[in-house]
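In: With the input below, show me the fold.
(2 chains)
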Amino acid sequence: MEMEMEMDNIAIVGVAQTKYERRKKDQTFYEMVYEVTTRALEDSGLTLGHIDNVITVSNDFLDGRTISSMAVAEAAGGYEKNISTVEGDGTFGAFYGAMRVLGGFKSTLVVAHSKGSEGDIKYITNAMFDPIYQRSLGIDAISAAALQANTYMERYGITEVDFAKISVKNHSNAKNNPFAQLPLDLTVNDVMQSRRVADPIKLLDCSPVSDGAAAIIIANEEKVQKARTKPIWIKGIAHCAEDYFLGDRDLAHPKSLKDAAKRAYKMAGIINPREEIDVVELYDAFSYMEPLWLEGMGFCDPGQGGKMIDMKITTMDGKIPVNPSGGVLSAHPILVAGLARIIEAVLQLRGEAGDRQVQGVNKALAHGINGPCGQSHCVWILSRDK
Amino acid sequence: MKTWLEDVQSLTMKGQIKIPYTWSVGEVGSRFLLALRENKRILGNRCSSCNLVYVPPRKNCGRCFKDIEEWVELSNEGIVTAHTIVRFQYPLQSAKVPFAYAVIKLDGADVGLVHIIRDNLDNLKNGVRVKALFKEDRTGHILDIDSFQII
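Out: As a prediction, the model looks like this:
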């Protein structure tokens, strides 16, 4: 469906994230939310009084309680405020936050949290599959992803070595990111020799189990004036979903990403993403996802995603560095991970990305996924320029 | 830095959530599961608008957003279109490792059915033909198909 959309000017004016760790034993998830809410406000220079509206992002299975969003209301500054919730990736929570600001609120705080360490990710991801036809098979996020990796490899002749290179690159990038959980010096051989989990996926092709939280503040033009940060303008946002059942989908063709990217580019006035986007932060829960999502985003033709790293386009010194932060492979707090992609894009655009800073960034793409094997995708185009 | 923090030992608390559910299978799903139980037959259904044959069968075509009325009896055989051999074990899996998950396009269907393959994994590749192996004791469950076997 084609929609002509012209958006009011809205911007991200505050960001914060915890360091991502395997187990944050010293903090409850409530305390993580309080930490990033406080720090996002500090970053923006706004006070809680400036925030009209709060959105929390959480998952009841991960938290081990129902209506998990309400349990963090006070930590998120939601007391006596309009607070609502998104159960899904942080990019989708932020999308809702942007809609709130476009809908008349002057500023929205979006905060996501998860502690993968507290439950059991295999049980929790098994529960995303329908209980009648799929769940009792025991399928989980890793084995579903392995079906997608297998389809992708066989369709285009992409190899496990191609995927291993992504893991090497992103774990190496993570060495420059103080928030990353797994900065690693790896070789392709290390990845290839790591424990086989579900063919073709090996341990070092997988993102880790992580704890963490992140928050952003989205503001309209009036509130942007009150913030002290350089505003990062939201130029294009879109999401799109396809079939729930894995067997219904062409797993090597990320159709919903293609649609979401197309709409976000159109909204942002982007004609050729490869020429116009300077840095990408995408949701690489598994190494194979980076090249597959790059294809979906239109940075290369179908089947060519594996070559982007060989051509040194996506490396730190390339034309379009992908995941300078180390990506989701280097820290995977579920739900938070997409918001972290937005935050990393904002830091790149502000020129505050420290050792992982890419030079001359004017436009950045941030991306998140929801559902098994990227059933739905959310694409953000962020810009230094209004 | 608050100095008292250094003296605190962070405690954890163990718990478990165990909730019994009784999910309704619905009329469409019940007809599918009863066909497995009673006749060892796999049923799909066809969208009259786009002609796509779904398995498991659906109440509506998600793409056309129309009711699906036409039932189709599918073959118990098909081809593997995607697979993974699973090397890690956890209690919810329905087979001992190594076993495979596969997307199987049954003859007569247009979409794939996800199921398991237990045996002969050395010969498993995409494009190979497989056949449903039914359990002797069937209860009206997706695992009335024990697994698919390479033929």
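
In: what sits against residue 38?
Out: Defaulting to chain A. A:A16 (Cβ atoms under 8 Å, 6 or more residues apart in numbering or on different chains). Where you see a C-beta, it was placed from the backbone N, CA and C, and this is true even at glycine.

In: Could you report the separation of it from chain B?
Out: 15 Å (Cβ to the nearest Cβ, to the nearest Å).

In: Phi first, then psi, for that residue.
Out: phi -60, psi -40 (degrees, to the nearest 10).

In: before we move on, what about A:V197?
Out: When read as degrees, to the nearest 10, the backbone of A:V197 gives phi -100, psi -60.

In: separation between it and A:D190?
Out: 15 Å (Cβ to Cβ, to the nearest Å).

In: Would you mind naming what in chain A lies close to chain B?
Out: A:25-26, A:64, A:122-123, A:126, A:131-140, A:142-144, A:146-151, A:154, A:195-201, A:243-248, A:251 (Cβ under 8 Å from any Cβ of the partner chain).

In: Among these, name the ones in helices.
Out: A:122-123, A:126, A:142-144, A:146-151, A:154 (DSSP state H).

In: Taking those residues together, which two end up most distant?
Out: A:Y123 and A:E154 (29.8 Å; Cβ to Cβ).

In: More neighbours: which of those two?
Out: A:E154 (17 against 13; other Cβ atoms under 10 Å in any protein chain shown).

In: Can you tell me the closest non-neighbouring residue to that one?
Out: The shortest distance from A:E154 to any non-neighbouring residue, by Cβ to Cβ, 6 or more residues apart in numbering or on different chains, is to B:N126 (5.4 Å).

In: do the same with A:E242
Out: Once flanking residues are discounted, A:E242 sits nearest to A:S256: 4.3 Å by Cβ to Cβ, 6+ apart.

In: Please name every helix or strand in contact with the longest strand seen in chain B.
Out: Determined from DSSP state E, the single longest strand within chain B is strand B:77-86. Applying 3 or more Cβ pairs under 8 Å, 6 or more residues apart in numbering or on different chains; DSSP states H and E, one finds that strand B:77-86 contacts helix A:141-156, strand A:196-198, strand B:99-106, strand B:113-117, strand B:129-134.

In: Next one, pLDDT for residue 85 please.
Out: I'll assume chain A. If you check A:T85, the pLDDT there is 94.

In: Chain B is the one I meant
Out: At B:I85, pLDDT is 98.

In: same question, B:L5
Out: If you check B:L5, the pLDDT there is 82.

In: Which strand or helix spans residue 34?
Out: Using chain A here. For A:Y34, the host element (DSSP states H and E) is helix A:29-44.

In: other chain: chain B
Out: helix B:26-39.

In: continuing past that helix, what's the next helix or strand?
Out: strand B:42-46.

In: Please identify the pairing partners of that next one and their relative orientation?
Out: strand B:53-54 (antiparallel), strand B:70-74 (antiparallel) (DSSP bridges).

In: check contacts around the closest residue to B:D107 other than its chain neighbours.
Out: In this structure, B:D107 finds its nearest non-sequential neighbour in B:S75, 3.6 Å apart by Cβ to Cβ, 6+ apart. For B:S75, the contact set (Cβ under 8 Å, 6+ apart) comprises B:42, B:106-108.

In: count of neighbours near B:K59?
Out: 12.

In: So for it, what's the nearest residue that isn't a sequence neighbour?
Out: B:V28 (5.1 Å).

In: which ones are touching that neighbour?
Out: B:45, B:57-59, B:68.

In: Inside strands: which ones of these?
Out: Short answer: those in strands (DSSP E) are B:N45.

In: from the contacts of B:V28, which is closest to chain A?
Out: Closest approach between those and chain A, by Cβ to the nearest Cβ: B:R58, at 8.9 Å.

In: Look at the closest residue in space to the closest one that isn't next to it in sequence and report its pLDDT.
Out: Excluding the flanking residues, the one nearest B:R58 by Cβ to Cβ, 6+ apart is B:I68, at 5.8 Å. On the pLDDT scale, B:I68 is placed at 97.

In: what about B:I68, how many neighbours?
Out: With other Cβ under 10 Å as criterion, B:I68 counts 21.

In: residue ranges with poor pLDDT in chain B?
Out: Along chain B, the model assigns pLDDT under 70 to residues B:1.

In: which bits of it sit near chain A?
Out: So chain B meets chain A at B:10, B:12, B:15, B:17, B:21, B:23, B:25, B:29, B:33, B:54-56, B:62, B:81-88, B:90, B:92-95, B:101-104, B:111-116, B:126, B:141-143 (Cβ under 8 Å from any Cβ).

In: Any of the residues you listed buried? List them.
Out: Buried members of the residues of chain B next to chain A, scored by 16 or more other Cβ atoms under 10 Å in any protein chain shown, are B:25, B:29, B:33, B:54-56, B:62, B:81-88, B:92-95, B:101-104, B:111-116, B:126, B:142-143.

In: one step back: mind putting the helices and strands packed on strand B:77-86 in TSV, distance to A:N362 included?
Out: What follows is the helices and strands packed on strand B:77-86, written out as TSV (distance: least, Cβ to Cβ, whole Å):
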stretch	distance to A:N362
helix A:141-156	31
strand A:196-198	39
strand B:99-106	42
strand B:113-117	44
strand B:129-134	52
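
In: most packed of these?
Out: strand B:99-106 (a mean of 26; mean count of other Cβ atoms under 10 Å in any protein chain shown).

In: That strand packs against which elements?
Out: helix A:141-156, strand B:77-86, strand B:113-117, strand B:145-150.

In: Minimum distance to A:L48: which of these has it?
Out: When the helices and strands packed on strand B:99-106 are compared by Cβ to Cβ, helix A:141-156 sits nearest A:L48, at 36.1 Å.

In: Which elements pack onto the helix or strand following the closest one?
Out: Using DSSP H and E, the helix or strand that follows helix A:141-156 in sequence is helix A:160-173. Applying 3+ Cβ pairs under 8 Å, 6+ apart, one finds that helix A:160-173 contacts helix A:188-193, helix A:289-296, helix A:307-310.

In: Run through the neighbouring helices and strands of the first one.
Out: What it means is helix A:188-193. Counting contacts by 3+ Cβ pairs under 8 Å, 6+ apart, helix A:188-193 is packed against helix A:160-173.
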